[in-house]
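pasting the sequence and the predicted coordinates here, then a few questions.
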Amino acid sequence: MSTPTRLVSLGAAVLLIVGLSACTAEPEEAAPLPTSPVVQLGAPGEPNRTLSPEEAAGLGSPTYVEQDVLFVRDMLHHHSQAIQMTGYVDERTTDEDIRLLAERMNVSQADEITQLETWLQTRGEPVRDPDDSHAHSAESMPGLLTDAELAQLEAAEGEEFERLFLAYMIRHHEGAIQMVTELYADGGGQESDIDAFARHVEADQGIEIARMKELLAEREG
């Protein structure tokens, strides 16, 4: 074989080897396990837990469950009554502390109602359950006022109204926090948006409860 022929054959062989090497897929490496600690937040009142690397690697993005939907619908009704209560304030007391507190509650809970309705709508869930046969009442939902208590609050004025408003709203807020506790106990609250909302309710209403207890103590003292 002549030298030019040998060079052509050698070149073809080299190209073939390179082409085969390029077509050979590199074996995929397994995703490394997390090396930094991953802490899973506990439900209200429960301790946090540090996950093992294997548990952390297996974490996905939790989706919402039926308990979350029921919680959102109930909280919508709960917030609506709170707004009804704050609506009585301006015409029944001139106390600036209570008026400012009521205004804050009205704005924050109205915003949260919009947030909760949007959460349901973006997931294709009706804002009101058409098959829900139980009426929301003080017996079925923590912290709700009865019709008689609402009428009593609406009829009161001045210092009597202030004491009733604070006492009833403290109970109302404590009911909302109880609803959060029950949500986690029933297996809900794992989806990120619901978890964030529930923890916000617990923290924000806890702060308002402390403030309302101070104001009520001043009036009862």
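On my side now, so go ahead. Numbering: from 1, shown residues only.

lowest-scoring secondary structure element of this protein by mean pLDDT?
helix 3-23 (a mean of 44; mean pLDDT, DSSP states H and E).

what sits closest to Lys213 if chain neighbours are left out?
Ile170 (6.4 Å; CB to CB, 6 or more residues apart in numbering). Quick note: C-beta positions are derived from backbone N, CA and C, even for glycine.

what about the residue sitting nearest the centre point of the chain, which SS state?
Among the residues of the chain, the one closest to the centroid is Phe197, at 2.3 Å (CA atoms, centre = their mean). Per DSSP: H, G, I helix; E, B strand; the rest coil, the local secondary structure of Phe197 is helix.

what distance do you get for it to Gly87?
23 Å (CB to CB, to the nearest Å).

and Met212, by the same measure?
17 Å.

could you pull out the helices for the chain?
Assigned by DSSP state H, the helices in the chain fall at 3-23, 53-57, 66-86, 89-92, 96-122, 147-155, 158-185, 192-220.

wait, the residue nearest to Lys213 sits on Arg211?
No. Contact criterion CB atoms under 8 Å: Ile170 and Arg211 do not qualify, at 9.8 Å.

these two - which one has more neighbours?
Ile170 (20 against 14; other CB atoms under 10 Å).

pLDDT score for that one?
With respect to pLDDT, Ile170 has a value of 98.

now for it: which residues touch it?
Contacts for Ile170 (CB atoms under 8 Å, 6 or more residues apart in numbering) come out as 209, 212-213, 216.

just these now: which is nearest Glu103?
Proximity of the contacts of Ile170 to Glu103 (CB to CB) peaks at Met212, which lies at 14.1 Å.

count of neighbours near that closest one?
23.

surely it is in contact with Leu101?
Yes. In this structure, Met212 is within contact of Leu101 by CB under 8 Å, at 7.1 Å.

circling back to that earlier point, which of the contacts of Ile170 count as buried?
209, 212, 216 (16 or more other CB atoms under 10 Å).

save those residues as TSV, and put in pLDDT and distance to Gln115 too.
As requested, these are exported to TSV (pLDDT from 0 to 100; distance: CB to CB, whole Å):
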residue	pLDDT	distance to Gln115
Ile209	98	21
Met212	98	23
Leu216	97	29
